[in-house]
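*Asks:* Show me the folded form of this:
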Amino acid sequence: MTKRTSFAAMNCSLARALDVVGEWWTLLVVREVYFGRRSFTEMRDTLGIARNILSDRLASLVAGGVLERRTGGSDLRRNEYHLTAKGRDLIPVLVVLMRWGDRWEDDGTGPPIVLTDRDTGAELEPAVVDAATGREIDAGTIGVRPGPGFRPEAWPAPAAGPR
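*Replies:* Numbers count the residues shown, from 1 in each chain. Sure, this is the predicted structure:
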């Protein structure tokens with residue numbers, strides 16, 4: 001397998017995030033751990049992923065601080081994987097990506113799963129909103145400008161706003 005270029009040094013938060021979670025299978029592994037499949041065998045069997053690829057993804061997610069490996073209860077030979085705070089912060093990203101897939105990649109049968117409120121059981125309709133105003137954010141509402149971590153030598157300043 002060819003090692004891809006690292007984005008870790010790029011002056012771009014999206015590129016750095018992709019350096020941690022951008023490999024094929026990675027977000028599905030995070031999904032499996034969130035859904036409670038915490039052992040290597042459970043994930044391998046559910047995903048149908050090759051052992052070497054799953055081992056690599058788990059190791060990179062542990063190294064990236066998204067998952068932590070724990071000894072599995074009474075069986076000291078078995079490892080379990082759990083989301084860290086960093087991993088739990090990734091779940092809303094998966095929800096938004098899933099919602100996009102439900103809308104644009106539907107096979108005609110509808111969503112495979114429906115998100116519900118844990119307390120009430122009511123169906124959820126996820127949206128990305130501005131925390132300060134509650135206003136829904138979409139491609140038409142977003143502008144950009146250099147932030148405090150922007151390095152002009154790294155790449156040209158963003159245009160006034162997306163097109």
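
*Asks:* CA atoms for contacts and neighbours, from now on please.
*Replies:* Fine.

*Asks:* neighbours of residue 29, just the number please.
*Replies:* 24 (other CA atoms under 10 Å).

*Asks:* quick one: it from residue 67, how far?
*Replies:* In this structure, residue 29 and residue 67 are separated by 10 Å, where distance is defined by CA to CA, to the nearest Å.

*Asks:* got any residues that touch both of those two?
*Replies:* Common neighbours of residue 29 and residue 67, counting by CA atoms under 8 Å, 6 or more residues apart in numbering, are residue 58.

*Asks:* where does the closest residue in space to residue 115 that isn't next to it in sequence land on pLDDT?
*Replies:* Spatial nearest neighbour of residue 115, excluding adjacent residues (CA to CA, 6 or more residues apart in numbering): residue 124 at 5.5 Å. With respect to pLDDT, residue 124 scores 94.

*Asks:* give me every residue that touches residue 124.
*Replies:* Residue 124 sits next to 114-117 when contact means CA under 8 Å, 6+ apart.

*Asks:* No further queries at this time; thank you.
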